[in-house]
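Peer 1: Generate a structure from the sequence data that follows.
(one chain, ligands or ions: 2)
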Amino acid sequence: MKIHEYQARSLLSEYGIKSPAWELAQTPQQAADIAGKIGGTVVVKAQVLVGGRGKAGGVKLAHSAQEAFKVAKDIFSLHIKDIPVRKVLVAKSVDILQEYYLGITVDRAMKKAVLMISAAGGVEIEELAKNNPEKILKLYVDPLKGPSEAELKKAVAGVFIDPELSVQALDTLLKMYRLFIEKDCSLVEINPYAKSGPDTLIALDAKINFDDNGVFKHPEIERLRDPEELTADEVRAREAGLSFVNLDGNIGCIVNGAGLAMATMDVIKLFGGEPANFLDVGGSSNPNKVLLALEIITSNKKVKAVLINIFGGITRCDDVANGILMAVKKLDLKLPMVIRLIGTKEPEGKEILVKSGFVVAENMEEAVKRVVELV
Ligand code: GDP
Ligand code: MN
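Peer 2: Residues are numbered from 1 along each chain as shown. Ligands and ions are numbered 1, 2, ... in the order given. Next up is the predicted model:
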């Protein structure tokens with residue numbers, strides 16, 4: 001689960017980590033009023049649950065209330081990675097002498113928490129991680145033991161050369177780690193952690209994600225959930241009782257069973273394709289579910305072909321076939337579709353589809369190869 005920067009700033013502050021004064025605005029006028037109250041230069045920041053706002057024009061400085069109005073108006077008109085901006089944070093701007101990076105996440109392979117520290121923070125951190133990983137210092141922490149303070153102190157001193165800064169950074173990292181553990185986070189990140197004066201460090205941005213399986217332990221975190229975290233089709237799928245996750249590819253997938261759905265995505269990738277979604281229609285064989293699933297999948301403009309992969313157990317292939325026919329008629333579907341059905345009522349299902357002019361693949365490999373060729 002993700003939360004907004006303003007929510008993350010409040011959590012950091014509960015743990016004693018400072019960031020410059022800020023307030024939230026929902027209109028340009030509110031942004032101007034806050035800017036007037038804070039005084040001097042402010043930074044206006046889009047509050048959306050995706051990264052890379054700075055690069056997308058979602059973070060801008062304003063030197064007066066008037067300018068804050070204008071800048072906020074521009075930011076409210078943006079869609080950042082398809083997400084409309086509904087709230088902006090207006091914060092006191094500070095002069096940045098240097099941008100550091102502090103982050104804590106889980107390294108699954110190591111089965112440890114990993115603390116990451118860099119003197120080259122800022123909006124290019126992903127590129128840095130890719131091209132100059134040696135510039136990000138990593139320290140693995142056994143979650144049962146916690147960080148060794150001596151070890152951490154040494155690591156921090158190597159990045160924050162000035163002893164005064166190094167003391168502050170160590171303090172901040174220990175507080176971040178406490179937050180990370182106590183709230184079951186999967187990520188706590190401050191970027192930039194800015195040097196704003198000869199001996200001052202301050203958090204200018206905050207990103208916190210939570211382990212979905214731990215949120216139930218923290219009602220105060222659950223209350224922070226923004227339904228906008230899900231895309232419109234994910235919300236519809238959730239309401240329809242389908243397990244659905246949006247992905248970046250162009251092959252829409254309808255599969256029954258989460259395991260088969262995962263395997264289907266793997267096979268698509270194996271043959272060089274990219275799935276547009278994960279979708280598990282579940283074990284029931286209600287033709288309406290197939291209709292809904294097709295409706296949700298084909299509303300995604302990126303989808304160029306649909307793969308339906310059904311293993312009939314409780315699910316009956318003839319019901320699925322009828323659902324497909326219903327959907328094609330009702331939705332006036334023109335997209336190419338590749339279907340593979342096996343199991344309960346397989347001959348009946350195939351007959352229904354073949355009669356209506358569909359080609360039914362003999363096996364999963366053939367089906368996937370065909371859909372990859374189609375896109
Ligand atoms: P992100 O792109 O979503 O990570 O947004 P950030 O909050 O990290 O802001 C992006 C960049 O804007 C930062 O790396 C800074 O360079 C700049 N920035 C953010 N806050 C301030 C500020 O208070 N003053 C100044 N001068 N620049 C800022
Ligand atoms: Mn940032």
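Peer 1: For the residue in the stretch 1-150 of the chain positioned nearest to ligand 1, which non-adjacent residue is spatially closest?
Peer 2: Residue nearest to ligand 1 within the stretch 1-150 of the chain: residue 54 (2.7 Å; C-beta to the nearest ligand atom). C-beta here means a position set from N, CA and C on the backbone, and glycine is covered the same way. Distances taken as C-beta to C-beta, 6 or more residues apart in numbering place residue 123 nearest to residue 54, at 4.4 Å, with adjacent residues excluded.
Peer 1: so which strand or helix has the one you found?
Peer 2: In this structure, residue 123 sits in neither a helix nor a strand according to DSSP states H and E.
Peer 1: and it, what does it touch?
Peer 2: Contact analysis of residue 123 by C-beta atoms under 8 Å, 6 or more residues apart in numbering lists 52, 54, 55.
Peer 1: before we move on, back to that, list phi and psi for the residue of the stretch 1-150 of the chain closest to ligand 1.
Peer 2: With angles defined as degrees, to the nearest 10, residue 54 sits at phi -50, psi -50.
Peer 1: how deep is it tucked in, by neighbour count?
Peer 2: 16 (other C-beta atoms under 10 Å).
Peer 1: same thing with residue 363?
Peer 2: Residues contacting residue 363 under the criterion other C-beta under 10 Å number 9.
Peer 1: next one: the one 3 residues further on
Peer 2: When neighbours are counted by other C-beta under 10 Å, residue 366 registers 13.
Peer 1: tell me which residues in the helix or strand that contains it are buried?
Peer 2: Using DSSP H and E, the element containing residue 366 is helix 364-374. Within helix 364-374, the residues that qualify as buried by neighbour count (16 or more other C-beta atoms under 10 Å) are 364, 367, 368, 369, 370, 371, 372, 374.
Peer 1: how much space between the residue of the stretch 1-150 of the chain closest to ligand 1 and residue 89?
Peer 2: Remark: distance between residue 54 and residue 89 (C-beta to C-beta, to the nearest Å) = 13 Å.
Peer 1: How about residue 274?
Peer 2: 35 Å.
Peer 1: hey, C-alpha coordinates of stretch 166-178 in CSV?
Peer 2: The C-alpha trace of stretch 166-178 is given here as CSV (Å, rounded to 0.1, in the frame of the first residue of the first chain):
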residue,chain,number,x,y,z
SER,A,166,27.0,12.6,10.0
VAL,A,167,25.5,12.8,13.5
GLN,A,168,22.2,14.1,12.1
ALA,A,169,22.0,11.5,9.3
LEU,A,170,22.7,8.7,11.7
ASP,A,171,19.9,9.9,13.9
THR,A,172,17.5,10.2,11.0
LEU,A,173,18.4,6.7,9.7
LEU,A,174,17.8,5.1,13.1
LYS,A,175,14.4,6.8,13.3
MET,A,176,13.5,5.7,9.8
TYR,A,177,14.4,2.2,10.7
ARG,A,178,12.2,2.2,13.8
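Peer 1: Need the nearest residue in space to whichever residue of the stretch 251-375 of the chain sits closest to ligand 2, chain neighbours excluded.
Peer 2: Relative to ligand 2, the nearest point of the stretch 251-375 of the chain is residue 302 (27.5 Å; C-beta to the ion). Computed as C-beta to C-beta, 6+ apart, the closest residue to residue 302 that is not its neighbour in sequence is residue 250, at 5.2 Å.
Peer 1: Isn't the one you found up against residue 276?
Peer 2: Yes - counting by C-beta atoms under 8 Å, residue 250 touches residue 276, with 5.6 Å between them.
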